[in-house]
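Colleague: Predicted model and sequence follow; I will ask about them next.
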Amino acid sequence: TVDNPKIEKKLEKISCPICAGNSFKHLFEKAGEPFVQCHNCELTLINPRPSLSDITAGYDASYSAGYTKKATKKKRRASHRVKRLKKEYKISGRWLDVGCSAGFVVEAAVCNGFQAFGVDIEKAGIEYGQKTLHLENLAEGTLSEQDYPSAHFHAISAYDVLEHVPDLNNFLKELKRILHPKGVLDLGTPDIGHWRVPKILSHWNELKPSEHLYYFNKGTLNQLLDKNELRIDKVRWSIKPSLKVTITHQ
C-alpha cells in the first residue's frame with residue numbers, strides 16, 4: 001500500500017539542465033521523489049521528477065492565499081526591493097515581475113514610476129492583483145506564452161521562481177531576449193551552499209518535492225547563467241539561505 005499520493009505519480013527523468021549530463025548521485029528520497037546531485041556540475045535536483053501537469057497542479061488558489069494573507073509584510077518587502085534596484089542601477093521605464101503572484105512587486109514598481117507588468121501561472125493570484133490592487137498589466141500563464149517584445153524591459157524581477165521552472169534554459173533564454181541591453185534581472189533562489197543549510201541536507205525546510213525542482217549554489221547558478229549568456233553583476237549578503245543576485249547581459 002502507498003500512503004503518499006506523490007509516490008503514485010509517474011516520474012520523468014531529465015538530463016542535467018546545466019551540463020546535459022546523465023550521471024547522478026542519489027542523495028535521499030522525500031515524499032517519494034529522489035533528490036540527486038549531478039556527478040559533473042554538482043547541481044542538486046529532483047530527478048526523476050513528476051510530470052509537468054502534476055507540478056503545475058500544485059499552484060492553486062490556496063497557494064496564492066498563503067501569500068496574500070501576508071500582504072502587509074509582502075508589500076513592505078516589495079517596496080524595498082524596487083527602491084533598492086532603482087537606486088543601485090539608476091533605472092526607469094518598464095518593469096516585469098515574473099511569478100508575480102498577487103502583484104505586490106508590480107504595485108511597488110508602479111508606485112516608483114515604472115510602467116509595470118506581471119505574469120504568473122496561478123489564476124487566483126492574478127485576480128487578486130487585478131481586483132484588489134487594481135493592476136492592469138497582469139497576465140495569467142507562462143512567460144513564453146506572453147510573447148513580450150525583444151529588449152523590452154529595463155528591469156525584470158524573478159523572486160523565488162527559478163527553482164520552480166521546469167525548463168530552465170528556455171526560461172532564461174526568454175528572459176535574456178526580453179531584457180533591454182542595459183537592463184537588469186533581479187533574482188532570488190534558495191542557496192544550497194549557504195552556511196545555515198543543515199549538515200543533514202534532508203532536514204532543510206527549502207526541500208519541497210514537486211515544487212522546488214533545483215537547488216543552486218553560486219557556482220551552479222553561474223554555470224547556468226553563463227550557458228545562457230547572462231552574468232551575475234552583484235551578489236547581496238543574506239542571513240537566510242538565499243542567493244540574492246542582480247544579473248545583466250554578458
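Modeller: It's in.
Colleague: for the chain, longest helix please?
Modeller: Ordering each helix of the chain by length in residues (DSSP state H) puts helix 71-89 first.
Colleague: In the protein, where is pLDDT below threshold?
Modeller: Counting by pLDDT under 70, the ranges of the chain that qualify are 1-9.
Colleague: contacting residues around stretch 232-248?
Modeller: Contact partners of stretch 232-248, identified using C-beta atoms under 8 Å, 6 or more residues apart in numbering, comprise 85, 88-89, 183-192, 194, 196-197, 204, 206, 216-218, 221-222, 225, 230-231. (Glycine included, C-beta is placed from N, CA and C.)
Colleague: Just these: which are in helices?
Modeller: Counting by DSSP H, these place 85, 88-89, 218, 221-222, 225 in helices.
Colleague: Would you mind giving those residues as a markdown table with neighbour count added?
Modeller: Formatted as a markdown table, the ones in helices among the contacts of stretch 232-248 follow (neighbours: other C-beta atoms under 10 Å):
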| residue | neighbour count |
| --- | --- |
| L85 | 20 |
| E88 | 14 |
| Y89 | 18 |
| K218 | 15 |
| L221 | 23 |
| N222 | 16 |
| L225 | 21 |
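Colleague: Sheet partners, orientation included, of whichever strand or helix holds H180?
Modeller: Element membership for H180, per DSSP states H and E: strand 179-190. Here strand 179-190 is paired, per DSSP bridges, with strand 153-159 (parallel), strand 242-249 (antiparallel).
Colleague: from the ones you listed, which stretch is densest packed?
Modeller: Comparing the strands paired with strand 179-190 by mean neighbour count (mean count of other C-beta atoms under 10 Å), strand 153-159 comes out on top with a mean of 24.
Colleague: ok, back up a step: what's the angle between the longest helix of the chain and strand 153-159?
Modeller: With axes from the mean of the first three to the mean of the last three C-alpha atoms, to 10 degrees defining the directions, helix 71-89 sits at 140 degrees from strand 153-159.
Colleague: Going by neighbour count, which residues in helix 71-89 are buried?
Modeller: Buried residues in helix 71-89, counted by 16 or more other C-beta atoms under 10 Å: 74-75, 78-79, 81-82, 85-86, 89.
Colleague: Also stretch 41-58?
Modeller: Neighbour-count burial for stretch 41-58, counted by 16+ other C-beta under 10 Å, picks out 41-47, 49-50, 54-56.
Colleague: What distance do you get for R84 to K25?
Modeller: The gap separating R84 from K25 is 38 Å, by C-beta to C-beta, to the nearest Å.
Colleague: meant to ask about A57
Modeller: Look at A57 and K25: by C-beta to C-beta, they are 29 Å apart.
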